[in-house]
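# Just need the structure, nothing else, for what follows:
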Amino acid sequence: QYQLVESGGGLVQPGGSLRLSCAAASGFTLDYYAIGWFRQAPGKEREGVSSISSSGGVTTYADSVKGRFTISRDNAKNMVYLQMNSLKPEDTADYYCAAGRYSGSYLHRKWYDYWGQGTQVTVSS
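From the prediction side, this is the model:
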């Protein structure tokens, strides 16, 4: 049973935008968790894209997405978002959100204990 559910993926043209959402399953509260977004392209390892601390005060981005992606959270709604702008074909991947109970904001998957099933993002003309 997955504690997190991603949504918002799809097909978009280069230069377009998508907003991914990460929702908690019933009974699972995101307030105490740092949340990370990861992605995995075919034949490649899963990589960290962005993360946000439990309070939302600290965010981290991979160099490849800085200035284009924005992570945010709404603890009242138990949701985390990843706004993706200026999308490129190399952003094509399955995107996963993950929760880790630690202080800070890190992109390495070792910090995360709970994962969603992923949502597919395809950037193509």
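# how much space between S26 and T119?
For S26, the distance to T119 equals 19 Å [C-beta to C-beta, to the nearest Å]. For glycine as for every other residue, the C-beta is placed from the backbone atoms N, C-alpha and C.
# Show me where this protein has its strands.
Here the chain has its strands, by DSSP state E, at 4-7, 10-12, 18-24, 34-40, 47-52, 59-61, 69-74, 79-84, 93-100, 114-115, 119-123.
# Against which helices or strands is the longest one packed?
Put plainly, it is strand 93-100. If you count contacts as 3 or more C-beta pairs under 8 Å, 6 or more residues apart in numbering; DSSP states H and E, strand 93-100 packs onto strand 4-7, strand 18-24, strand 34-40, strand 79-84, strand 114-115, strand 119-123.
# Partner strands of it, with direction?
Here strand 93-100 is paired, per DSSP bridges, with strand 34-40 (antiparallel), strand 114-115 (antiparallel), strand 119-123 (antiparallel).
# deepest of the ones you listed, which one?
Ranked by mean neighbour count, those are led by strand 34-40 with a mean of 24 (mean count of other C-beta atoms under 10 Å).
# Report the distance from it to the chain centre.
Its chain's C-alpha centre and that of strand 34-40 lie 4 Å apart, by C-alpha atoms, centre = their mean, to the nearest Å.
# what residues does that strand touch?
Contact with strand 34-40 is made by 20, 22, 46-54, 71, 73, 80, 82, 91, 93-107, 109, 111-112, 118, 121, as judged by C-beta atoms under 8 Å, 6 or more residues apart in numbering.
# Identify whichever of the strands paired with strand 93-100 lies nearest to G10.
Checking the strands paired with strand 93-100 against G10 by C-beta to C-beta gives strand 119-123 as the closest, at 7.0 Å.
# Any idea how many residues pack against T59?
Using other C-beta atoms under 10 Å, T59 has 15 other residues around it.
# do the one 3 residues further on as well
Around A62 sit 16 other residues, with neighbours defined as other C-beta under 10 Å.
# which residues touch it?
Counting by C-beta under 8 Å, 6+ apart, A62 has contacts 47-50, 107.
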